[in-house]
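Engineer: sharing a model prediction with you, sequence too.
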Amino acid sequence: MAAIKSKLRWPTAAAACAAALAAAGCGGLGQVEQGRVIAYNPQARRVTLIREARDPAAPSPGLLPPVTVRTPADPDEMGPAPAAGRLMQIDSNHHQLVIFDTDRADFRTMRYSAIEERRNVDRDPGTPQIDRARKTITIYSAGTRTLITLAADDAMLAMPADTWRCGDVVRYYYKDPAQAMRLMNVTQTDLSKSGG
């Protein structure tokens, strides 16, 4: 299954992040977690995410239940604000989507019929395009760089717009599981310019 993947492999990224944070003088080592954001409340300083599964041999949309953490108290310890979304995986080979269903608090696999697929699209166009007149939804698969327009029935068109968007991947360092001390938006950060 062509899972939506982050830009770095988890073990390497976690080790690098933990080493950098330790070198910055944070005291005893904490832990690093990474996942895809499904909800973000900037006023309450809360981010809810689905943690990434760490076994590359077993493709998974992530680990349940979702976790909610407070963002860092110091705004300088947080990167760009994350975009939230509930689209967890796109398998264009088998025409299947995995979304996080908030009503059931579980993953839901849906089959889709593609009307058009544009490959090698380098940039995510942002907000999913929902066309109720034509009964189509256009989504973007970052993992395969594919823009997919799919046929949508009334039930799909009635779902919230964030159902069809992939949330940003964030990585955070913590000692208290409910409080991030540092938070990095992996999706919106060009790691090739970090000097590492």
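Structural biologist: Looks like it came in fine.

Engineer: partners of the longest strand along the chain, with directions?
Structural biologist: Longest strand in the chain, counting residues (DSSP state E): strand 31-41. Paired strands of strand 31-41, with direction, are strand 46-51 (antiparallel), strand 169-174 (antiparallel) (DSSP bridges).

Engineer: I'd like to know which of these is closest to A142.
Structural biologist: strand 169-174 (9.4 Å; C-beta to C-beta). C-beta here means a position set from N, CA and C on the backbone, and glycine is covered the same way.

Engineer: can you name the next helix or strand after the closest one?
Structural biologist: Following strand 169-174 in sequence order, the next helix or strand is strand 180-185 (DSSP states H and E).

Engineer: export that next one as PDB, just CAs?
Structural biologist: Output of strand 180-185 as PDB, limited to C-alpha atoms (Å, rounded to 0.1, in the frame of the first residue of the first chain):
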ATOM      1  CA  ALA A 180       5.600  19.300  23.900                       C
ATOM      2  CA  MET A 181       8.800  21.100  24.800                       C
ATOM      3  CA  ARG A 182       9.800  21.600  21.100                       C
ATOM      4  CA  LEU A 183       7.600  20.900  18.100                       C
ATOM      5  CA  MET A 184       8.700  20.800  14.400                       C
ATOM      6  CA  ASN A 185       6.400  20.800  11.400                       C
END
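
Engineer: so L150 sits in a strand?
Structural biologist: Yes. Counting by DSSP: H, G, I helix; E, B strand; the rest coil, L150 is part of a strand.

Engineer: show me the beta-bridge partners of it.
Structural biologist: Using DSSP bridges, the beta-bridge partners of L150 come out as A114, I137.

Engineer: so who does it touch?
Structural biologist: Counting by C-beta atoms under 8 Å, 6 or more residues apart in numbering, L150 makes contact with 112-115, 136-139.

Engineer: buried among those? Make that a ChimeraX selection.
Structural biologist: Selecting the buried subset of the contacts of L150 in ChimeraX, with 16 or more other C-beta atoms under 10 Å as the burial test, is done by:
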select :112,136,137,138,139
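
Engineer: from the contacts of L150, which single one is nearest Q129?
Structural biologist: Set against Q129, the nearest of these by C-beta to C-beta is T138 (4.0 Å).

Engineer: the closest one contacts A151, correct?
Structural biologist: No. The pair T138 / A151 is not scored as a contact, 11.2 Å apart, by C-beta atoms under 8 Å.
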